[in-house]
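Engineer: 3D model of this:
(4 chains)
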Number of protein chains: 2
Amino acid sequence: MELFQDISKVPLSKLVMLHIKNAILSGELKNEDKIPTERELAAGFNVSRNMVREAIRALEMAGYLEVRQGPKGGAFVREFTPDRLSEGFLDYYLAKKLTMEELNHVRLYVEPEVARLAAQNINRESAESLKNVVENEFMADAIEDRVLSLTKFHLTLAEMCGNFFYEIIINVLLSITKEIVVAGYRGGDTVVHGLDQHNDVLKAVLDGDSDKAADYMKAHLDKFSTGILDLEIKYRDRINLK
Amino acid sequence: MELFQDISKVPLSKLVMLHIKNAILSGELKNEDKIPTERELAAGFNVSRNMVREAIRALEMAGYLEVRQGPKGGAFVREFTPDRLSEGFLDYYLAKKLTMEELNHVRLYVEPEVARLAAQNINRESAESLKNVVENEFMADAIEDRVLSLTKFHLTLAEMCGNFFYEIIINVLLSITKEIVVAGYRGGDTVVHGLDQHNDVLKAVLDGDSDKAADYMKAHLDKFSTGILDLEIKYRDRINLK
DNA sequence: ACCAAACTAAAGGTTGAACCAAAATAAATG
DNA sequence: CATTTATTTTGGTTCAACCTTTAGTTTGGT
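Structural biologist: As a prediction, the model looks like this:
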């Protein structure tokens, strides 16, 4: 770490940005808190309103802040959700730095472990909500809702596993997969699986049988993954030729 | 997907940002390419220069662009490196949304698999560079360089494994770990391990023995992880009381 | 007393023009 | 020929004015 760095030519807007971000990360500003108005910040930091705006905009676009207009408006601190990080990964995928094969390998390796942890951590409350998720899979009508509700099962398991990092990873993988499936649907393909695929995993998790939960999850993903890989090839083609 | 959304009140700077980002993701703008000057963009999109600046600043702070002043200056497209994503994770850690325990579980589960894949993919070239990395571990003198060079081994394995997503995960985990270790050093602790710890793994990988590579990596991490967990507790305390 | 319409004020959104600062290149000078 | 000195390009920053959205307040009619 270089103690002395050229501090003079760091853009003002970046300094303002770091100040605000630091206040958020240190807990000084909590979720839903409102930061001062642009004019107040400008006066406080003794910089122009433009510099403040650049800082706020950057934080807004990165997901740290939500900005609303009008009185009672302003910039508010946003929750730290997994999907804020997913967006960055999606960009890497769209820029072809990640392939579906790579993502699939990770998913096949990681998600059984997630199911195992979920089974270990099972309690009355989480058991109830997981059952609900599977039951509601029948409800979905439109294809989009269907994908969403099938996705929900995996996300719920990730929440239950008690490790936020795994939850983020699963979120990332699913958000990209969703992109492919939905695009594939518009292209005439359907890779959404049937409604009974989750039952084995569900039962094992509810029983707290972590080994079985992991095994069944692996089996489920193995079945599903070939379809999605085919779909991605078409997806890539469709993007490239237009 | 809602076909019609309220497009009118999306901030201009965000529209400009999306345009530029899209040009990057679609491959229209490649690595190191220069985007038009602020004044040209403003004229082209028919918006004020301020809006263009907000867009560029946001993309710069998110790591998509690098901006330089002067003639031959401008905004240039940056490479898609793993550490751009690591920064976001580090923020989650600093905001206490992630604990070292969670990160450690993931690392203990994932990195042996990475070592396994690296052993499978071994070839003359990568073998050579990996050997170099381990040999240079002796060279480092200052503690910071020492941490860096020990880290290098894990990063190189991640590169070798042939899966960019794993490479990103390892990068994320190591960047946070590094933060703790370096801060711990300034606090008087030392958890950097000895210089022979990597030899078992190295040998197994060079032999292409994937099972052994995974096992030895697991053993190595088990030994290392208890120290780092203790260190984090002190790290948290130090942050909280100041 | 109540409700709707009109006004007011408090945010952020956007513009245009001017000027500062850094850096590459060209011109002037020793 | 080398060194200094302009010049020019491009981002950095400021200022001041005005637009738009929206919560709250006032007003006026029933």
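
Engineer: distance from the helix-or-strand element of chain A with minimal mean pLDDT to the middle of the chain?
Structural biologist: Ranking every helix and strand in chain A by mean pLDDT, DSSP states H and E puts helix A:210-241 at the bottom, with a mean of 88. Taking CA atoms, centre = their mean, to the nearest Å, the mean C-alpha location of helix A:210-241 is offset from the chain mean by 18 Å.

Engineer: tally of neighbours for residue A:70?
Structural biologist: For residue A:70, the neighbour count with other CB atoms under 10 Å in any protein chain shown is 6. Where C-beta positions appear, they are placed from N, C-alpha and C, glycine not excepted.

Engineer: any idea of the pLDDT on it?
Structural biologist: With respect to pLDDT, residue A:70 scores 95.

Engineer: that one: what's it in contact with?
Structural biologist: With contact set as CB atoms under 8 Å, 6 or more residues apart in numbering or on different chains, residue A:70 has no partners.

Engineer: where does it sit: helix, strand or coil?
Structural biologist: The three-state label for residue A:70, taken from DSSP: H, G, I helix; E, B strand; the rest coil, comes out as coil.

Engineer: distance of it from DNA strand D?
Structural biologist: 3 Å (CB to the nearest atom of the strand, to the nearest Å).

Engineer: what of residue A:78?
Structural biologist: When CB to the nearest atom of the strand is the yardstick, residue A:78 and DNA strand D sit 18 Å from each other.

Engineer: bridged to the closest residue to that residue other than its chain neighbours, which residues?
Structural biologist: Closest residue in space to residue A:78, ignoring its immediate chain neighbours: residue A:66 at 5.1 Å, by CB to CB, 6 or more residues apart in numbering or on different chains. Listed by DSSP bridges, the beta-bridge partners for residue A:66 are residue A:76.

Engineer: quick check, residue A:66 in contact with residue A:74.
Structural biologist: No - Residue A:66 lies out of contact with residue A:74 (CB atoms under 8 Å); the separation is 9.6 Å.

Engineer: who has more neighbours out of those two?
Structural biologist: Between residue A:66 and residue A:74, counted using other CB under 10 Å, the more crowded position is residue A:74 (18 against 14).

Engineer: how close does the closest residue to that one other than its chain neighbours sit to chain B?
Structural biologist: With sequence-adjacent residues excluded and distances taken as CB to CB, 6+ apart, residue A:74 is closest to residue A:34, at 4.9 Å. Noted for residue A:34: a distance of 18 Å to chain B, by CB to the nearest CB, to the nearest Å.

Engineer: backbone torsions only: list them for residue A:34.
Structural biologist: When quoted as degrees, to the nearest 10, the phi and psi of residue A:34 stand at phi -100, psi 130.

Engineer: and the pLDDT at the most centrally placed residue in chain A?
Structural biologist: Centroid check for chain A by CA atoms, centre = their mean gives residue A:83 as the closest residue, at 2.5 Å. For residue A:83, the pLDDT comes out at 95.

Engineer: the one 4 residues further on too?
Structural biologist: You'll see residue A:87 listed with a pLDDT of 96.

Engineer: chain A: helices as residue ranges?
Structural biologist: Using DSSP state H, the helices of chain A run over residues A:12-25, A:38-45, A:49-61, A:82-94, A:100-120, A:124-135, A:143-160, A:164-186, A:199-206, A:210-241.

Engineer: out of the ones you listed, which is closest to residue B:96?
Structural biologist: Minimum separation from residue B:96 across those (CB to CB) falls at helix A:12-25, 8.8 Å.
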